[in-house]
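In: Following is a predicted model, sequence given first.
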Amino acid sequence: MTLLVLAVIVLFVIAASRVMSIYNLSADLRGGRKDDVITEAEGRNQAALWVLFLMAFLGFCAWQFFKYKDKLLPEAASAHGPEIDNLFNVTTAVIAFVFVLTHIIMVYQIYKNVSVKGRRAVYFAHSNKLEMIWTIIPAIVLSGLIAYGLTVWSDVIYPGSKDAMVVELYSKQFDWTARYAGKDNVLGKSDFRKIGEGNDLGLISDSKADDDIIVKGEFHLVLGKPVLFKFRSRDVIHSAFMPHFRAQMNCVPGMETTFEFTPTITTKEMRGKLKNDKFNYILLCNKVCGASHFNMQMDIIVDTQEEYNKWIAEQQTWMQKQAVTAQTKSTDSSTAKDSVVVENKITAQVVMPKSSH
Amino acid sequence: MLEMDHTQNVEHATQDVAHVEHGHAHHDHDDHEHHDTFISKYIFSQDHKMIAKQFLITAVFMGVLAMLMSLVFRLQLAWPGRSFPFLEPILGKWAPGGILDPNFYLALVTIHGTIMVFFVLTGGLSGTFSNLLIPLQIGARDMASGFLNMLSFWFFFSSVSVMMFSLVIESGPASGGWTVYPPLSALPQAMPGSGLGMTLWLVSMSLFVVSSLLGSLNYIVTVINLRTKGMSMTRLPLTIWAFLVTAILGVLSFPVLFAAVLLLIFDRSFGTSFYLSDIYIGGQALEYNGGSPILYEHLFWFLGHPEVYIVLLPALGITSEVIATNSRKPIFGYRAMIASILGIAFLSFVVWGHHMFITGMNPFLGSVFVFTTLLVAIPSAVKAFNYITTLWKGDLKFTPAMLFAIGLVSFFITGGVTGIILGDSALDINVHDTYFVVAHFHLVMGSAAIFGMLAGVYHWFPRMFGKMMNKKLGYAHFWITFVGAYGVFFPMHFLGLAGVPRRYYTFTEFPIFDDLVDINVMVTWFAILSASGQIIFLFNFFYSIFKGQKAPQNPWKSNTLEWTAPVEHIHGNWPGAIPEVHRWAYDYSKPDRTEDFVPQNEPMTEKEIAEGAH
């Protein structure tokens, strides 16, 4: 089979070379090959192709843009989201204008200045005035964008709210865990050396950690209540990306990173808006972290305060969970030893995706 | 005197390296007999023209390989989970049943990036054109050191070989992305590619840094010391300015990559903790303590960002030359072009943090990097406008090289403007590491630099091989590649804005991305189209080396010195005396002249001197 393929390729190359030689021979008979000279007709054809290309290209861009308009930066569901989106829209308007204008000018020059017999270029080497213009105008526009951008950045990064709810997002290959501070509203301390059976996050057992609430699969936020995320990672760098909330921060082993935002649209409301009752906000990993990087996710549910209170009341604290684990342990004394093996398996495991046909 | 010594050195260097220091005088090059063996002429050659060809051919092979890799992962992205039976015989256990393995998917994107950035666009682009053009355009017999130049190629080749070897080992090649961030790249427990494959990646990169430094130092010394009489810095063609500044960037930034790589090797093999701390993996807590992955990111991007310009500046230099020649006009704003090259080069060292806005780096530091990053747009805008103005009222000859050069300007604009979004930290929050980034850099540094390289190949093919490439095949190659590249990379902006992350094996796990599947299918079809266009190029390239039309002395009627050297290559480039330079490189369509070009070695007329021409 491989030989056959190789044979076909070799034959194809030989055939192409023969055809080419015949073509060259006929060109030689007609007075020699002229690969160094571009004829007037060729020049005009190329210029016409540029015009055609530009129209098709701009049409393609516009078509794609309108086709996917609703998908691009889907409606922001956080307080700072619209601010970022405005900055994005202003910047995009500026760059789209520059992109279209320069392309039109360039292709117009191509079309207009094709070499024809007797044509001679104008000796125009520089013009301080023109060069000043296109140094100063971009400088002014960019100063504006820098100033605007930095204002938004400082609003997003230093929100300065005092009553923020603290949630820890803990990442490892290949899943997320969320931890709530519990009754005392303080996250308990942790140490990676304490990680083990029943203590996935390496918490240090004391009064502050014991009432913490640990959840997987999905976590809940409260409408209109600022939430301060603290990110940690157990193994490699991950990135907590919550596209609907215009929020992203890397999770770096050995250090804690933070990001704060305020949800403004509940999951229920968003489902109504999108007319899709299966819609969920998501947290996904956006820094390559290994084989199952593509499927490291967690659902985010934005509740009203009442809904949230109900949900959080149903969750067990870490202490309560430990009690359950201890019970299981006493019935099966070999669990501790096994857990290491299981852990190994999970790390090496590759979750195969659903195939879509 | 310097030139004379140099002449002798080149003569003898090819025969006996030991003679270099005390060469005898040989003024008559025509009568001089060379005793080249096959090995000294084609393999361990110290002639810059042969070394340029070695770099080019290696880069072409690597480029084809990296492109084929991208086709394999594009198939998976467009039709996730579908079996492509032809993959199994090629990839073996990495594509069981013809379905790509997720680990190998990551290996492919990693090696695709590594090959393209380092081997094709750094080694291939600078290696080919700096080597070919620096001595020929400044009027030198060869590089300052032919021997170091030869070593530079062979270090490059060893680097490539080690990387190729890593493709066929049991645990697979490095697969943590081309930036190889630790801890992922430091811990074999984290992924199979972080085992031996990663070690080989690091060895390969170290060799590459050596190659790059030997090359760059040589380029710098040659440009500064070996210019022919009359070739002042402000008469240099812009290609040489671009190569010079690129080499300086390389000398200043590659050692930092080496430091980053070395510390990573230490962490991996000798138990240090430069980048690692508080890690629990594979069921155990590791001993590492006190290191920070952020340190690696700083070191890596301190190279990584100048690297973007190491890739792009030579392409822009080539474009300046090709556009001016084929517009039959002086490049517009020659001094502004030099100033913008220098401006871009300076700024490239103070913007690396824009890759790290959301890594946990201090947000205030982020603000500083926003400021410096957006400033890069100013010299870049100057360059783009100057190219367009060069076309204005020109007499445009659409050679294939000219088309690729204009294509570069188009990519440079399209890809460049989105940098204003990515460089703005607030906007970066939502597009960081998404397909928006993939679109941006594939246009502005990937496609643009490749087009610069292809423009260079078409333009200087006659100088390299003494033959012409077929122009009609060149046209077909250009249009297929141009349309294909936009078709592949433009729609990726939309994926990125919808929040689609890069380096995902498949998007089927996320219902919110379901509506975007058809973009991926379309992109893959465009990728297949562009790849098929490269078959035309490969055929044209290799066929023309042997059977192309014999090249005239100065096929594009260009001003620069390389076209005064004989078509058949000789050692020392010019049979007689080295040409003297009397004017800048851009006297195209000068008034009062019948011809529309005035070569640099043509003396000034009295009228010109009276007018104060330079």
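Out: Nice, thanks for sending it over. Residues are numbered from 1 along each chain as shown, chains lettered A, B, ... in the order given.
In: where does chain A have low pLDDT?
Out: Low-confidence segments of chain A, defined by pLDDT under 70: A:1, A:329-357.
In: after the helix ranked longest in chain B, next one along is what?
Out: Using DSSP state H to assign secondary structure, the helix with the most residues in chain B is helix B:293-327. Next along the chain after helix B:293-327, taking DSSP states H and E as the criterion, comes helix B:334-347.
In: got the angle for that following helix vs helix B:293-327?
Out: Angular relation of helix B:334-347 and helix B:293-327 on a 0 to 180 degree scale: 170 degrees, by axes from the mean of the first three to the mean of the last three CA atoms, to 10 degrees.
In: So for chain B, the centremost residue is which one?
Out: Within chain B, one residue has its C-alpha closest to the average C-alpha position: by CA atoms, centre = their mean, that is B:Leu121, at 2.2 Å.
In: for the stretch 101-250 of chain B, what spans make up the helices?
Out: Assigned by DSSP state H, counting those that start in this stretch, the stretch 101-250 of chain B shows helices spanning B:102-114, B:125-138, B:146-167, B:196-225, B:238-269.
In: Determine the next helix or strand in the C-terminal direction from the last one.
Out: So that's helix B:238-269. Stepping forward along the backbone from helix B:238-269, the first helix or strand reached (DSSP H and E) is strand B:280-281.
In: That next one pairs with which strands, parallel or anti?
Out: Each strand paired with strand B:280-281, and its direction, by DSSP bridges: strand B:284-285 (antiparallel).
In: Touching the strand it pairs with from outside, list them.
Out: For strand B:284-285, the external contacting residues (CB atoms under 8 Å, 6 or more residues apart in numbering or on different chains) are A:Phe192, A:Arg193, A:Ile195, A:Val340, B:Ile279. Glycine gets a C-beta too; all of them are placed from N, C-alpha and C.
In: rewinding a little: among the helices of the stretch 101-250 of chain B, which is nearest A:Ser239?
Out: Of all the helices of the stretch 101-250 of chain B, the one in closest proximity to A:Ser239, counting by CB to CB, is helix B:102-114 (15.6 Å).
In: Please tell me how far the residue of the stretch 451-600 of chain B found nearest chain A sits from B:Phe302.
Out: In the stretch 451-600 of chain B, the residue found nearest to chain A is B:Gly499; the distance is 3.3 Å by CB to the nearest CB. Taken as CB to CB, to the nearest Å, the spacing of B:Gly499 relative to B:Phe302 amounts to 29 Å.
In: Ok, B:Asp267 next?
Out: As defined by CB to CB, B:Asp267 lies at a distance of 18 Å from B:Phe302.
In: Leaving out chain neighbours, which residue sits closest to B:Glu608?
Out: Once flanking residues are discounted, B:Glu608 sits nearest to B:Arg583: 7.8 Å by CB to CB, 6 or more residues apart in numbering or on different chains.
In: Any residue of stretch B:314-328 touching chain A?
Out: Yes - using CB under 8 Å from any CB of the partner chain, a contact is recorded between stretch B:314-328 and chain A, made by B:Ser327, B:Arg328.
In: Give me the buried stretch members for that stretch, please.
Out: Using 16 or more other CB atoms under 10 Å in any protein chain shown as the test for burial, stretch B:314-328 gives B:314-328.
In: Give me the below-cutoff pLDDT ranges for the stretch 1-150 of chain B.
Out: Applying pLDDT under 70 to the stretch 1-150 of chain B picks out residues B:1-35.
In: Next up, the contacts around the residue nearest the centre of chain A.
Out: To find the centre residue of chain A, average its C-alpha atoms and take the closest one (CA atoms, centre = their mean): that gives A:Asn286, at 6.1 Å. Going by CB under 8 Å, 6+ apart, A:Asn286 touches A:Ser239, A:Ala240, A:Phe241, A:Gln248, B:His432, B:Asp433, B:Thr434, B:Pro501.
In: and the second one, what does it touch?
Out: Put plainly, it is A:Ala240. For A:Ala240, the contact set (CB under 8 Å, 6+ apart) comprises A:169, A:171, A:176, A:229, A:231, A:247-251, A:259, A:283, A:285-286.
In: Can you convert the residues you listed into JSON lines and add a column each for secondary structure?
Out: Shown next, in JSON lines, are those (DSSP: H, G, I helix; E, B strand; the rest coil):
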{"residue": "A:Leu169", "secondary structure": "strand"}
{"residue": "A:Ser171", "secondary structure": "strand"}
{"residue": "A:Trp176", "secondary structure": "strand"}
{"residue": "A:Phe229", "secondary structure": "strand"}
{"residue": "A:Phe231", "secondary structure": "strand"}
{"residue": "A:Ala247", "secondary structure": "strand"}
{"residue": "A:Gln248", "secondary structure": "strand"}
{"residue": "A:Met249", "secondary structure": "strand"}
{"residue": "A:Asn250", "secondary structure": "strand"}
{"residue": "A:Cys251", "secondary structure": "strand"}
{"residue": "A:Phe259", "secondary structure": "strand"}
{"residue": "A:Leu283", "secondary structure": "strand"}
{"residue": "A:Cys285", "secondary structure": "strand"}
{"residue": "A:Asn286", "secondary structure": "coil"}
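In: before we move on, back to that, so which of the buried residues of stretch B:314-328 comes closest to chain A?
Out: Proximity of these to chain A (CB to the nearest CB) peaks at B:Arg328, which lies at 4.2 Å.
In: Could you pull up phi and psi at the residue nearest to the centre of chain A?
Out: Backbone dihedrals for A:Asn286, given as degrees, to the nearest 10, come out at phi -120, psi 30.
In: looking at chain B, which helix or strand is least sure?
Out: Of the helices and strands making up chain B, the lowest-confidence element is helix B:2-13, at a mean of 44, by mean pLDDT, DSSP states H and E.
In: Show the subsequent helix or strand relative to that helix.
Out: helix B:38.
In: now that following helix, how far from the centre of its chain.
Out: Distance of helix B:38 from the chain centroid (CA atoms, centre = their mean, to the nearest Å) equals 29 Å.
In: same thing with stretch A:206-221?
Out: Using CA atoms, centre = their mean, the distance from the centre of stretch A:206-221 to the centre of the chain it belongs to is 27 Å.
In: Pull out the buried residues from that stretch.
Out: A:Lys208, A:Ala209, A:Asp210, A:Asp211, A:Asp212, A:Ile213, A:Ile214, A:Val215, A:Glu218, A:Phe219, A:His220, A:Leu221.
In: Which ones among those map onto strands?
Out: Judged by DSSP state E, the subset of the buried residues of stretch A:206-221 located in strands is A:Ile213, A:Ile214, A:Val215, A:Glu218, A:Phe219, A:His220, A:Leu221.
In: going on from the helix ranked longest in chain A, what's the next piece of helix or strand?
Out: Longest helix in chain A by number of residues, with DSSP H as the criterion: helix A:81-112. Past helix A:81-112, further along toward the C-terminus, the next helix or strand under DSSP H and E is helix A:128-157.
In: touching chain B at all, that next one?
Out: Yes - counting by CB under 8 Å from any CB, chain B is contacted by helix A:128-157 at A:130-131, A:134-135, A:138-139, A:142, A:145-146, A:149-150, A:152-154, A:156-157.
In: Just want the angle from that helix to helix A:81-112.
Out: On the basis of the same axes, to 10 degrees, helix A:128-157 is oriented at 160 degrees to helix A:81-112.
In: Relative to chain A, which residue of the stretch 201-350 of chain B is the closest?
Out: As assessed by CB to the nearest CB, chain A sits closest to B:Ser277 within the stretch 201-350 of chain B, at 3.1 Å.
In: neighbours around that residue, how many?
Out: 19 (other CB atoms under 10 Å in any protein chain shown).
In: just the one 10 residues further on next, same as before
Out: Per other CB under 10 Å, the neighbour tally for B:Glu287 reads 9.
In: Find the nearest non-adjacent residue to it, please.
Out: Counting by CB to CB, 6+ apart, the residue nearest B:Glu287 is B:Gly271, at 7.3 Å.
In: Model confidence for B:Thr508, exactly?
Out: You'll see B:Thr508 listed with a pLDDT of 92.
In: Assess the claim that it and B:Arg82 are in contact.
Out: No - in this structure, B:Thr508 is not within contact of B:Arg82 by CB atoms under 8 Å, at 11.3 Å.
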